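1. Sequence first, predicted coordinates after that:
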Amino acid sequence: MARYTGPKTRIARKFKDPIFGPDKSFEKKNYPPGQHGNSRRRKKQSEYGIQLMEKQKAKYTYGILERQFRNVFEKASRKKGITGEILLQLIESRLDNVVYRLGIGPSRPAARQLVAHRHITVNGVNVNIPSYALKPGDVIGVREKSKSLEAISESLQSRSLNYAWLEWNDESMSGKFLNYPEREEIPENIKEQLIVELYSK
């Protein structure tokens, strides 16, 4: 399966959660998509169905494909600690996600594109791998030639959220990945324990 590029509101409605950010269309129709709209009787979901839905929600939220997602889970399960939390920490430390969190890109797909098109540096070196795993202390910057890009400057002007695990320097247009975020510092509405239960079967 290739990366999803279809209607985002439809996916948000499927998960009953605006996973791609504020969405007026979702607010108007905040029930699952389908031919018969909100009047359709829906079967009670099985335990497996609920767990699968949560995994799909996480994959769509972060824009990760199945094989990559499973690899990250296996890496998380080998580490000491709570597997679900470590899974989210590893996903949050991906370069494309941090570029989005720092406000360099207005969305995760936009951030992924900036990385793939070589506009982003890590510790002064160009990195074009969106899934690149950052380590505490890594410095994420905008390539010198790309600092005048309108898309980047507009995104930075509208950035509003600050995260305790990230540091941003306006002058150098660079940010620092200070540490892996705690679970309460990750705003995504994901029940990671259900994903752990699904993969543990």
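-> Here it is on my side, so go on. Numbers count the residues shown, from 1 in each chain.
2. Just the buried positions in the helix or strand encompassing residue 58, please.
-> Using DSSP states H and E, residue 58 maps to helix 47-62. Residues 51, 53, 54, 55, 56, 57, 58, 59, 60, 61, 62 are the ones in helix 47-62 that count as buried (16 or more other CB atoms under 10 Å). In this view, the C-beta of every residue, glycine as well, is placed from N, C-alpha and C.
3. residue ranges of the strands in this structure, please?
-> For the chain, the strands defined by DSSP state E cover 120-122, 125-126, 139-142, 166-169, 174-177.
4. for these, which one sits closest to residue 155?
-> Proximity to residue 155, assessed across the strands of the chain by CB to CB, is greatest for strand 139-142 (10.5 Å).
5. Go ahead and name everything in contact with that closest one.
-> Outside strand 139-142, the residues that touch it by CB atoms under 8 Å, 6 or more residues apart in numbering are 95, 98-99, 102, 104, 119-124, 134, 149, 152, 172-177.
6. Just the buried ones out of those, please.
-> Buried members of the contacts of strand 139-142, counted by 16+ other CB under 10 Å: 95, 98-99, 102, 104, 119-122, 134, 149, 152, 173-177.
7. low-confidence ranges in the chain?
-> Low-confidence segments of the chain (pLDDT under 70): 1-43.
8. domain parsing for it?
-> The record's domain split for the chain, according to automatic domain parsing, is 8-90+189-199, 94-179.
9. Buried deepest among those domains, which one?
-> Stretch with highest mean neighbour count among the domains of the chain: domain 94-179 (a mean of 17; mean count of other CB atoms under 10 Å).
10. now the end-to-end length of it.
-> 13 Å (CA to CA, to the nearest Å).
11. Stretch 144-154 too?
-> Stretch 144-154 has an end-to-end distance of 17 Å (criterion: CA to CA).
12. what does stretch 58-66 give?
-> Stretch 58-66 has an end-to-end distance of 11 Å (CA to CA).
13. one step back: which one of the buried residues of helix 47-62 is nearest residue 183?
-> So of the buried residues of helix 47-62, ranked by how close each gets to residue 183 (CB to CB), first place is residue 58, at 13.7 Å.
14. can you pull out the helices in the chain?
-> Using DSSP state H, the helices of the chain run over residues 8-15, 24-28, 47-62, 66-78, 83-92, 95-102, 108-116, 150-157, 192-199.
15. quick one: contacts for residue 69?
-> Residues in contact with residue 69 (CB under 8 Å, 6+ apart) are 55, 58, 59.
16. One more pass at 7 Å, please.
-> residue 59 (CB atoms under 7 Å, 6 or more residues apart in numbering).
17. cool, and residue 180?
-> Listed by CB under 7 Å, 6+ apart, the contact set of residue 180 reads 89, 93, 136, 165.
18. Just give the nearest non-adjacent residue to the residue positioned nearest the centre of the chain, would you?
-> Ranked by distance to the mean C-alpha position of the chain (CA atoms, centre = their mean), the top residue is residue 62 at 3.0 Å. Nearest non-adjacent residue to residue 62, counting by CB to CB, 6 or more residues apart in numbering: residue 91, 5.4 Å away.
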